[in-house]
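S.K.: Model the structure of this input:
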Amino acid sequence: MSVFSESALEKKLSELSNSQQSVQTLSLWLIHHRKHANTIVRVWYNELKKAQVPRKLTFLYLANDVIQNSKRKGPEFTQDFAPVIVDAFKHVSSQGDEGCKKQLGRVLSIWQERGVYENEVLGKLSEVLQLEKKAKKRPYEEIKVNDEGFASRSSPGEPPQTAELIRALQELENAASSDASLRQRISALPPEVQDTSLLHKVTDKESGERLSRLVEEACMLLADYSGRLAAEIDDRRQLTRTLAVFLQSQKDGLAQNEQKLEEYKRKLARVSLVRKELRSRLNSLPDLSRLPSVTSSHVHLPSSGHLYNPSD
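M.R.: Now for the predicted structure:
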């Protein structure tokens, strides 16, 4: 392990990537230097705020790994992260997208399940995520329903736009159930982490600690995947409800268009009848263009039998 210094830590944080290996490698280095926990947390928080938005969540993954894996060696990191972790959650949540907020929720659920922090801290973290969700809701005044287009709609909700449905369907293409590489990693977990009957193979402290690390990694991996699958189930349920509203709006629009089609067919029939009657009437009228022309200087007087000339 290299010597600890703030500049070394800043450099390592700048090189931190979202891969599990990168997070775990830096986590082990930080835990090794846990006597500098206070300085580590301060630098971590400062670098988190300066990091680009896509990398902020990785900083919290690192904190999560450090907090959980350092507990058996001492409470330093759990205690030193406590004063800033709520603000860190708030900072990342306010700048991240919905996918980021889901990941934060999964980290929080793991902490709640394992009792990483007291209920007071966990409650504040939960409030951060709930407040972010509420902030995304639109007030009633901003919802503009097109009464003319959907007057007969049975559902009170506003029908989704086609672009929203396409986006939701595309997001499901990258859902947890489609993550073949992660399922392969899970299936490749050693049997020792899944079968208590094999614990008799642990004969010394070193092998026990090695197995303990594997078990912790497996727990994190499975907990994260379970959380992603649960989130996917919620997304699919929401999409099902959204599709039902969209389908109903399409049915209502179809019924309206069918009524309009029948109305305009009747109008076309009436106009066609007028055209037919008009043509018939025009054919029965004399063609004035074929009558003999009459000049102003000669007018035929049938009674006298001669022409009248005004100059006479």
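
S.K.: what bits of the chain have low per-residue confidence?
M.R.: Applying pLDDT under 70 to the chain picks out residues 1-2, 131-160, 164, 171, 173-174, 224, 227, 289-312.

S.K.: Could you chop it up by domain?
M.R.: Domains of the chain are assigned by the TED database as 6-129, 162-253.

S.K.: okay, how far is it across the longest one, tip to tip?
M.R.: The stretch domain 6-129 measures 31 Å between its terminal residues, going by Cα to Cα, to the nearest Å.

S.K.: likewise the shortest one?
M.R.: One end of domain 162-253 sits 14 Å from the other (Cα to Cα).

S.K.: sorry, back to before: which one of the domains of the chain is the most hemmed in?
M.R.: Comparing the domains of the chain by mean neighbour count (mean count of other Cβ atoms under 10 Å), domain 6-129 ranks first with a mean of 17. Any C-beta I mention is one placed from the backbone N, CA and C, and that applies to glycine too.

S.K.: Off-centre distance for that one?
M.R.: Relative to its parent chain, domain 6-129 has a centroid offset of 24 Å by Cα atoms, centre = their mean, to the nearest Å.

S.K.: Which residue, neighbours along the chain excluded, lies closest to S14?
M.R.: In this structure, S14 finds its nearest non-sequential neighbour in E47, 7.5 Å apart by Cβ to Cβ, 6 or more residues apart in numbering.

S.K.: now the helix or strand S212 falls within: how far from the chain's centre is it?
M.R.: S212 is part of helix 205-284, with elements assigned from DSSP states H and E. Put simply, helix 205-284 sits 15 Å off its chain's centre (Cα atoms, centre = their mean).

S.K.: What is it packed up against?
M.R.: Here helix 205-284 touches helix 53-69, helix 98-114, helix 162-172, helix 180-187, going by 3 or more Cβ pairs under 8 Å, 6 or more residues apart in numbering; DSSP states H and E.

S.K.: what inclination does that helix have with respect to helix 98-114?
M.R.: Going by axes from the mean of the first three to the mean of the last three Cα atoms, to 10 degrees, helix 205-284 is angled at 140 degrees with respect to helix 98-114.

S.K.: For K276, give its distance to A269.
M.R.: Look at K276 and A269: by Cβ to Cβ, to the nearest Å, they are 10 Å apart.

S.K.: Just put the domains of the chain in a markdown table and tack on distance to L282.
M.R.: Below are the domains of the chain laid out as a markdown table (distance: least, Cβ to Cβ, whole Å):
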| stretch | distance to L282 |
| --- | --- |
| domain 6-129 | 68 |
| domain 162-253 | 42 |
